[in-house]
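Peer 1: Have a look at this fold, sequence not included:
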């Protein structure tokens, strides 16, 4: 049994997320203290176990506090180089020796040296029974590179992926980077500072901090699934997650070749939340040469098709999004995302803007972005700007330069590392204005064979196709599911859409054209106005591409299930030219 800690209004039931920074300032304790204060004020957004103490998860993502870790390393007689990597590892109890051995072996193979390990100071006595019973060993490890000229982040990424593949879940890296570190756990917000004494150390300073309080909706709360992840903190759901994961796995062979890794490489971690899979996808784009801002726009694009193009920045933004749409399907759903790669920190909304993100900027450069108001005290501060992000909008901060970009201004930072394709303008295949209806001798028999009923024709097709109006249909459906139906049902009737567990308003592309598009990109060559293509569009597509193949998906029904399975296997093994 779990209960929800409610705020005064009693209507908050999603994750809390945000970040704090002071533009252009040196690392400070102020940033850490403000982030922890903001996190504590998000407590009403988090779920807790019935024991009243085990939270769904809370944490911080921030740049590595150099002074703290150099001092901690000296106490362990570890001499850190000017550039070092830091891993924050959760190790299953009883497997520490094997896990350390795998990490040190993998480091050598990745061109790295493991300099030593640190037991992270913790206070387990504050944990609730559930959190305490699943508490892993929390260790930090330090790395240097044998080749200073090598891409340090790439080497650490390859190391982590190799360890993930070989250790079967016995070790999990909350972070492994030369830029950032993540402190998180199966904690309530007020427990984070107390559980990790490092967070109160005078040398624990930062230029920015991303904070997150989790309310678990789609997966059970665990130490590993607490957020922030290595790059992202997320509030919402990714409704397209099934297709997104399948596309990522379909790209694995190409990614292995591009990243020069072996068959052991997996693009996505197993048995994780939708947010964790998104974090994996973002990380892969960074490893392919994208910066954080362009990578986020590629994965979570705004509905750019109907936006007016005026300024040069707007044209750059539109051109980038248009090019990326031909190569990348969106990770879509109601989402507020806060992210950082250590160089940039930013926030972004999904194209519909169904999750709130607001920000306050003071005249002396203090910037706080959060999922709600009241996360910080600004008494005595001169406010320069107080606003909220709109649908699909992104706010981006260059940490080193102290520059902030919002809206169209993000366009000047966009750069795609992918090759420019020849024939840059795709052909738009418009639907036919006049279609010659097919001649069917026995239309009712054909409809029955396709699974259409008299009720569907009368209540659904007739109003839509003949009268040109919306069909009248009940909100409920008393028809039995296809798999227990007494009548033969078509194949598509066995497929049901999975909806997010958190209720969202109904949206359709006619009423919400400013944030939605039905365009379907077919590679870089063609675009359809809708994912449903008519016969003329198919003929034009075949003529345009010149390499369209027709795949026979039929089989002898009299041969039963075995024939169907053989047909599926035949299709799966077929190589398209």
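Peer 2: Perfect, thanks for sending it. Fair warning: this is a prediction, and the values are worked out from it, not measured in the lab.
Peer 1: what's stretch 538-551 in contact with?
Peer 2: Applying Cβ atoms under 8 Å, 6 or more residues apart in numbering, the external contacts of stretch 538-551 come out as 427, 429, 522, 525-526, 533, 571, 574, 576-577. The C-beta positions use only the backbone N, C-alpha and C, and glycine is treated the same way.
Peer 1: just the buried members of those?
Peer 2: 429, 522, 525-526, 533 (16 or more other Cβ atoms under 10 Å).
Peer 1: ok, so of the residues you listed, who is nearest residue 488?
Peer 2: residue 533 (27.2 Å; Cβ to Cβ).
Peer 1: and that closest one, which of the three is it?
Peer 2: coil (DSSP: H, G, I helix; E, B strand; the rest coil).
Peer 1: That one touches residue 430, doesn't it?
Peer 2: No. The pair residue 533 / residue 430 is not scored as a contact, 10.7 Å apart, by Cβ atoms under 8 Å.
Peer 1: which non-adjacent residue is nearest residue 348?
Peer 2: Closest residue to residue 348 apart from its sequence neighbours, by Cβ to Cβ, 6 or more residues apart in numbering: residue 394 at 4.2 Å.
Peer 1: ok, that neighbour - how many residues close by?
Peer 2: Using other Cβ atoms under 10 Å, residue 394 has 23 neighbouring residues.
Peer 1: ok, it - contacts?
Peer 2: Applying Cβ under 8 Å, 6+ apart, the residues near residue 394 are 293, 296-297, 346-349, 406-407, 410.
Peer 1: any weak-confidence spans in the stretch 151-300 of the chain?
Peer 2: Along the stretch 151-300 of the chain, segments meeting pLDDT under 70 span 216-219.
Peer 1: hey, where'd the strands end up in it?
Peer 2: Under the criterion DSSP state E, counting those that start in this stretch, the stretch 151-300 of the chain carries strands at the ranges 171-177, 180-185, 208-213, 232-236.
Peer 1: So what touches the second one?
Peer 2: Read that as strand 180-185. 57-65, 86, 88, 131, 138, 174-175, 192, 195-196, 198-199, 212, 223, 226-230, 340-342.
Peer 1: ok, back up a step: neighbour-wise, which one of the contacts of residue 394 leads?
Peer 2: Result: residue 347 is most packed of these (other Cβ under 10 Å), 28 neighbours.
Peer 1: C-terminal to the helix or strand harbouring it, what's the next element?
Peer 2: Using DSSP states H and E, residue 347 falls within strand 344-349. As assigned by DSSP H and E, the chain's next helix or strand after strand 344-349 is strand 358-362.
Peer 1: contacts for the helix or strand following that next one?
Peer 2: Using DSSP H and E, the next helix or strand after strand 358-362 towards the C-terminus is strand 366-370. With Cβ under 8 Å, 6+ apart as the contact definition, strand 366-370 has outside contacts at 16-23, 34, 38, 42, 338, 347, 357-361, 375-376, 381, 395, 397, 404.
Peer 1: repeat that for 7 Å
Peer 2: Here strand 366-370 makes contact (Cβ atoms under 7 Å, 6 or more residues apart in numbering) with 18-23, 34, 38, 338, 347, 357-361, 375-376, 381, 395, 397, 404.
Peer 1: Also stretch 431-444?
Peer 2: Contacts for stretch 431-444 (Cβ under 7 Å, 6+ apart): 446, 529, 534, 536-537.
Peer 1: Try it again at 10 Å.
Peer 2: Applying Cβ atoms under 10 Å, 6 or more residues apart in numbering, the contact partners of stretch 431-444 are 446-449, 452, 454, 457, 528-530, 532-537, 539-540.
Peer 1: Which residues are in contact with the residue positioned nearest the centre of the chain?
Peer 2: Relative to the mean C-alpha position of the chain, the nearest C-alpha, by Cα atoms, centre = their mean, is the one of residue 278, at 2.5 Å. Neighbour list for residue 278: 229, 231-232, 234, 238, 241, 244, 268, 272, 296, 299-300, 331, 333, 335, 337, 339 [criterion: Cβ under 10 Å, 6+ apart].
Peer 1: Identify those among the contacts of strand 180-185 that sit within helices.
Peer 2: 131, 192, 195 (DSSP state H).
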